[in-house]
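K.L.:
sharing a model prediction with you, sequence too.
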2 protein chains.
Amino acid sequence: MTVNVPSRAQQIRSFLQQNHLRAWLAWRPDELLMLSGYFPAWGASLLIYFLDAEPVLFVPVLEPRDHIPSGFRVVQYPWGDLKCADPYAVLVSEVRGELVKAKAAPEQVGLIASASRSSLPINAAEQIPFPEDFASHFSDLATGVNAQTNAGFAKLYSRKTPLEIDAIRLTNRVSNIGLRAFSGNLQPGISEIEIAAAVESAICTQIGNDEIFHSRGWAMVQSGPNSAEAGQFNRSTARRLESGDLVSIELATCVNGYWSDLTRCEAVGAPKPEAAEILALAHDAQKAAVDAIAPGAVAGEIDALARNKIASRGFGDFFTHHTGHHVGFRYHDPGFMLFPGETAKLESGMVLTVEPGIYVAERRCGARIEDNVLVTESGHEVLSRISR
Amino acid sequence: MTVNVPSRAQQIRSFLQQNHLRAWLAWRPDELLMLSGYFPAWGASLLIYFLDAEPVLFVPVLEPRDHIPSGFRVVQYPWGDLKCADPYAVLVSEVRGELVKAKAAPEQVGLIASASRSSLPINAAEQIPFPEDFASHFSDLATGVNAQTNAGFAKLYSRKTPLEIDAIRLTNRVSNIGLRAFSGNLQPGISEIEIAAAVESAICTQIGNDEIFHSRGWAMVQSGPNSAEAGQFNRSTARRLESGDLVSIELATCVNGYWSDLTRCEAVGAPKPEAAEILALAHDAQKAAVDAIAPGAVAGEIDALARNKIASRGFGDFFTHHTGHHVGFRYHDPGFMLFPGETAKLESGMVLTVEPGIYVAERRCGARIEDNVLVTESGHEVLSRISR
């Protein structure tokens, strides 16, 4: 299905023009991915996106170059060079030179100062290596920042272009390979963490297929009474599955920098009636919300469709979180939520999670169903239900 | 082997007394682990550590409680509660109340403002949920912070107590289970990412053994010509191993919040002579540095032992990074490095990586050997060479 979303270049140009900016400094990995299509391995790259000139991408000397798209002038700087005491000073000086050359005055240059909640570099054991006060190095070079530019930039995350939707579709396809490993391993005696390991393994070994250079999943499996905790936290334990258990998987997947966020809940054999009721209700509530997703739909009303369905069966107090959020450039993208009272309207190109859940400690079970849904011109497409 | 390191409580008390502080607010996950032994699941917990009173641990309503050690008063706050619009305001207000009750004046209260480079929460797909400006909420409650307290606090990471050493030893034991999966899978035809998946799977499925509630590895495998890139970056690709390849694994492991950082390099079958030379030299250089580790040894001289060994065979230009760093509370702990010219001296209780490497593009191979070494009272113990 197609969406009539302006190209990424058009979206960025509109954003810059509306804010009287001539250049943008992008350095958080997810932001860099959105503006250039490049997912930086080290997370220490910086892009100058000019309104009227070729973009310049600064990468560490140590950065792998094999996935840098064409159309960018690539400049290396000595991050990782043992002989350079302060590579950031070199970077800032070179950025200054480019801005001077382009005659971009400080008030015409913007950046996001906050490093928080960006997606992770390829080595997920650490955060991005830029120092937390990195943006302060640019305080005299980029003053074109205020609450309006911050909000305008955050808005750039919400409407995905066809190319980006294809990339998110690929992530969902890989996630589904993980979810098949989940279903295929559901049997009495296997432990939650063994299932999680099988799912993550199925996901990361997709590297090399379909131009995938980075693929990582985080699987959290909760079974039996542990599934009643899945509304509070997600983790896999050594508990072994028993016949009749409900088993939930919360699965975050990042492929080439693009994310999906899915949840499935299945029974091992035949569930007890009180568990079967919860599972069926989670499916019904999720379907009610998904079915209503279309351009112009109000976020709070989508939430209400799921929430009311659950409340109508007497389980209102057991649905303890939002119904959904944006997803794609991060596990949780910025933007409005599907949440009680939210008045924002859906637009084509948005990708949202729909994930109502019911967690009943006294029944020793819980269930959540989560899909990633694209808002199309005429309705929606469930990206996470991919037939093969 | 024993180390005569003051208990964690004594170290913290000395730090507080020297800085005329009566309370410390700890909130970064690794800092919380160090001060309380608690590794927070969500990474949204806060500890008030008083000089003269029982510590208070604030945890989200959603936080699992089963690994909170005794000796702390635990207070929950409404993070994750759909009905609470601003849980951080509630937390700050409760912290204020505790500080007033304890008559701790703002200049007697300290905290680290920076959220950067803390270790990861259990769901490693996102960063800790506290907002980046979290510390600013305490700007009128905790003014006892300056460059000296920051440096003094960073110093608390360096000398590990016997209990902490045991925890890091456990992490190394789990890492070794992963490394056995690495060695056991080395055969022509298997891909780098398949080996990495097997290693990570072996590590995470240790959950449930030996009181392990959290275990995660990040394995990066580089084979043949890719091993020549292991001094620049680490990643696993779909390349399939060939007979004669050198294969490197860089392995980060976190068990219950404590970290190890190991590298192994092995050949598939018999390596070519020019690869065998590199591999043997990496082992020799590493042994030269490890053998010299003892209290009082100078960090720069340890580095020189490895570096000179490599240079003496004509490969000086191919060892492009530091020889080592502190490890344990993070994949990379704060503190001095084993680096040319570093004058800091080793003390008992320190745990350091020793990881010289040689990466020769024209020979299409590279090798690095990395162990984690405890400085004991009389010498050292290689924590990562654990006999079973």
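P.N.:
Perfect, thanks for sending it. Numbers count the residues shown, from 1 in each chain, chains lettered A, B, ... in the order given.
K.L.:
now do the strands in the stretch 101-250 of chain A.
P.N.:
Using DSSP state E, counting those that start in this stretch, the strands found in the stretch 101-250 of chain A span residues A:109-111, A:215-223, A:246-255.
K.L.:
now the shortest one: mean pLDDT?
P.N.:
So the one you mean is strand A:109-111. For strand A:109-111, mean pLDDT is 96.
K.L.:
tell me the strands beside that strand, with direction?
P.N.:
strand A:23-26 (parallel) (DSSP bridges).
K.L.:
next: the last one.
P.N.:
The strands that strand A:246-255 pairs with in its sheet are strand A:215-223 (antiparallel), strand A:258-267 (antiparallel) (by DSSP bridges).
K.L.:
for A:Asn146, find the nearest of those.
P.N.:
strand A:258-267 (28.8 Å; C-beta to C-beta). For the C-beta atoms, the positions are set from N, CA and C on the backbone; glycine is no exception.
K.L.:
what comes up buried for the closest one?
P.N.:
A:Tyr258, A:Trp259, A:Ser260, A:Asp261, A:Leu262, A:Thr263, A:Arg264, A:Cys265, A:Glu266, A:Ala267 (16 or more other C-beta atoms under 10 Å in any protein chain shown).
K.L.:
ok, now stretch A:167-183?
P.N.:
Buried residues in stretch A:167-183 (16+ other C-beta under 10 Å): A:167-179, A:181-182.
K.L.:
list of residues touching it?
P.N.:
A:160, A:195, A:198-203, A:206, A:210, A:212, A:215, A:217, A:219, A:221, A:249, A:251, A:253-260, A:262, A:264, A:266, A:327-328, A:351, A:372, A:374, A:383-384, A:386, A:388 (C-beta atoms under 8 Å, 6 or more residues apart in numbering or on different chains).
K.L.:
mind checking which of these are buried?
P.N.:
A:160, A:195, A:198-203, A:206, A:212, A:215, A:217, A:219, A:221, A:249, A:251, A:253-260, A:262, A:264, A:266, A:327-328, A:351, A:372, A:374, A:383-384.
K.L.:
residue most distant from the centroid, chain A?
P.N.:
A:Lys83 (37.1 Å; C-alpha atoms, centre = their mean).
K.L.:
and that residue, how far is that from A:Asp303?
P.N.:
Here A:Lys83 is placed at a distance of 56 Å from A:Asp303 (C-beta to C-beta, to the nearest Å).
K.L.:
next one: A:Asn4
P.N.:
Counting by C-beta to C-beta, the gap from A:Asn4 to A:Asp303 is 26 Å.
K.L.:
so A:Tyr258 sits right up against A:Glu164, yeah?
P.N.:
Yes: between A:Tyr258 and A:Glu164 there is a contact at 7.3 Å, judged by C-beta atoms under 8 Å.
K.L.:
okay, and the common contacts of those two?
P.N.:
A:Gly328.
K.L.:
re the thing from before, so which of the buried residues of stretch A:167-183 belong to helices?
P.N.:
A:167-179, A:181-182 (DSSP state H).
K.L.:
of those, which is the nearest to A:Val290?
P.N.:
For those, the nearest to A:Val290 is A:Asn172 (14.3 Å; C-beta to C-beta).
K.L.:
quick one: that closest one from A:Lys83, how far?
P.N.:
Counting by C-beta to C-beta, the gap from A:Asn172 to A:Lys83 is 45 Å.
K.L.:
now do the contacts for A:Pro273.
P.N.:
Per C-beta under 8 Å, 6+ apart, neighbours of A:Pro273: none.
K.L.:
give me the pLDDT for it.
P.N.:
In this prediction A:Pro273 is given a pLDDT of 96.
K.L.:
now do the one 4 residues further on
P.N.:
The predicted local distance difference test score for A:Glu277 is 98.
K.L.:
skipping its backbone neighbours, what lies nearest it in space?
P.N.:
Excluding its sequence neighbours, the residue lying closest to A:Glu277 (C-beta to C-beta, 6 or more residues apart in numbering or on different chains) is A:Arg313, at 8.0 Å.
K.L.:
that neighbour contacts A:Ala282, correct?
P.N.:
No: A:Arg313 is beyond contact range of A:Ala282, at 10.9 Å (criterion: C-beta under 8 Å).
K.L.:
export the strands paired with strand A:246-255 to JSON lines and tack on distance to A:Pro78 and mean pLDDT?
P.N.:
Formatted as JSON lines, the strands paired with strand A:246-255 follow (distance: least, C-beta to C-beta, whole Å; pLDDT from 0 to 100):
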{"stretch": "strand A:215-223", "distance to A:Pro78": "29", "mean pLDDT": "96"}
{"stretch": "strand A:258-267", "distance to A:Pro78": "30", "mean pLDDT": "97"}
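K.L.:
which among these is found nearest to B:Ser45?
P.N.:
Per C-beta to C-beta, nearest to B:Ser45 of those: strand A:215-223, 19.1 Å.
K.L.:
where does chain A have low pLDDT?
P.N.:
A:1, A:116-123, A:386-388 (pLDDT under 70).
K.L.:
in it, which spans are helices?
P.N.:
A:8-18, A:29-36, A:87-101, A:147-155, A:162-185, A:192-204, A:273-291, A:299-312.
K.L.:
and among those helices, the most buried is which?
P.N.:
Most buried of the helices of chain A, by mean neighbour count (mean count of other C-beta atoms under 10 Å in any protein chain shown): helix A:192-204, with a mean of 25.
K.L.:
put the alpha carbons of it into CSV.
P.N.:
This file holds the C-alpha atoms of helix A:192-204, laid out as CSV (Å, rounded to 0.1, in the frame of the first residue of the first chain):
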residue,chain,number,x,y,z
GLU,A,192,11.4,-18.7,29.6
ILE,A,193,15.0,-17.7,29.1
GLU,A,194,15.7,-20.6,26.7
ILE,A,195,12.8,-19.4,24.6
ALA,A,196,14.1,-15.9,24.7
ALA,A,197,17.5,-17.1,23.6
ALA,A,198,16.1,-19.0,20.7
VAL,A,199,14.1,-15.9,19.5
GLU,A,200,17.1,-13.5,19.8
SER,A,201,19.3,-16.0,18.0
ALA,A,202,16.8,-16.4,15.1
ILE,A,203,16.8,-12.6,14.8
CYS,A,204,20.5,-11.8,14.9
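K.L.:
just want the angle from it to helix B:192-204.
P.N.:
170 degrees (axes from the mean of the first three to the mean of the last three C-alpha atoms, to 10 degrees).
K.L.:
name the nearest residue to A:Ala299, ignoring sequence neighbours.
P.N.:
Nearest to A:Ala299 is A:Glu342, by C-beta to C-beta, 6+ apart, at 4.0 Å.
K.L.:
quick one: that neighbour from A:Gly300, how far?
P.N.:
A:Glu342 is 4 Å from A:Gly300, by C-beta to C-beta.
K.L.:
run a quick neighbour tally on the residue nearest to A:Val109 when sequence neighbours are not counted.
P.N.:
Among residues not flanking A:Val109 along the chain, A:Ala142 sits closest, at 4.0 Å (C-beta to C-beta, 6+ apart). Look at A:Ala142: counted by other C-beta atoms under 10 Å in any protein chain shown, it has 23 neighbours.
K.L.:
how about A:Ala142, what does it touch?
P.N.:
A:Ala23, A:Leu25, A:Pro106, A:Val109, A:Gly110, A:Leu111.
K.L.:
export those residues to a markdown table and tack on neighbour count?
P.N.:
Listed next are the contacts of A:Ala142 as a markdown table, based on neighbours: other C-beta atoms under 10 Å in any protein chain shown:
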| residue | neighbour count |
| --- | --- |
| A:Ala23 | 26 |
| A:Leu25 | 22 |
| A:Pro106 | 14 |
| A:Val109 | 23 |
| A:Gly110 | 27 |
| A:Leu111 | 24 |
